[in-house]
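Peer 1: Provided below for reference: sequence and predicted model.
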Amino acid sequence: VQLVESGGGSVQAGGSLRLSCAASGRTFSGYAVAWFRQNSGKRREFVAGIRWNGGDITYGDSVKGRFTISRDNAANTVYLLLNSLKPEDTAVYYCATRPGLTNPYSDEYNTWGQGTQVTVSS
């Protein structure tokens with residue numbers, strides 16, 4: 001399977017973006033999909049996760065109430081809506097998959113996309 005992220009960009013604080021993670025080669029059925037983010041020199045941070053059946057939705061503490069993860073079965077795509085963006089949300093955002101349930105541990109995800117840059121200016 002290949003994962004391709006898109007939708008990143010540069011916005012001002014308070015703005016919004018919608019990131020997409022499209023899978024090719026197989027469907028997400030039976031898998032969990034998560035978004036992580038990483039700034040240079042920092043560890044990858046769990047942002048949000050969802051099981052492909054739509055359940056088991058979880059968010060990192062720093063984004064709860066501002067970001068929303070969702071999926072489109074027909075398009076085989078997972079989305080991350082980023083609202084009320086802050087400068088500290090600036091990072092490269094990655095999507096990743098693992099069989100079964102979501103969890104916040106990046107080492108347990110075995111397929112990753114190439115990442116998409118989100119830059120938030122104050």
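Peer 2: Alright, I've got the coordinates. Note that this is a predicted model, so its numbers are computed, not measured. Numbering: from 1, shown residues only.
Peer 1: quick one: average confidence on stretch 91-101?
Peer 2: Stretch 91-101 shows a mean pLDDT of 95.
Peer 1: spatially nearest residue to the residue nearest to the spatial centre of the chain (excluding sequence neighbours)?
Peer 2: Central residue of the chain (Cα atoms, centre = their mean): residue 35, 2.4 Å from the mean position. Closest residue to residue 35 apart from its sequence neighbours, by Cβ to Cβ, 6 or more residues apart in numbering: residue 47 at 4.2 Å. (Each C-beta comes from the backbone N, C-alpha and C, glycine too.)
Peer 1: contacts only, for the one you found.
Peer 2: 34-37, 59-60, 63, 67, 80, 93 (Cβ atoms under 8 Å, 6 or more residues apart in numbering).
Peer 1: redo that, cut-off 6 Å
Peer 2: 35-37, 60, 63 (Cβ atoms under 6 Å, 6 or more residues apart in numbering).
Peer 1: re earlier: now the helix or strand harbouring the residue nearest to the centre of the chain: buried residues?
Peer 2: Using DSSP states H and E, residue 35 sits in strand 31-38. By neighbour count, with 16 or more other Cβ atoms under 10 Å as the criterion, the buried positions of strand 31-38 are 31-37.
Peer 1: closest to residue 3 among the residues you listed?
Peer 2: Residue 3 has its nearest neighbour among these in residue 33, at 8.5 Å by Cβ to Cβ.
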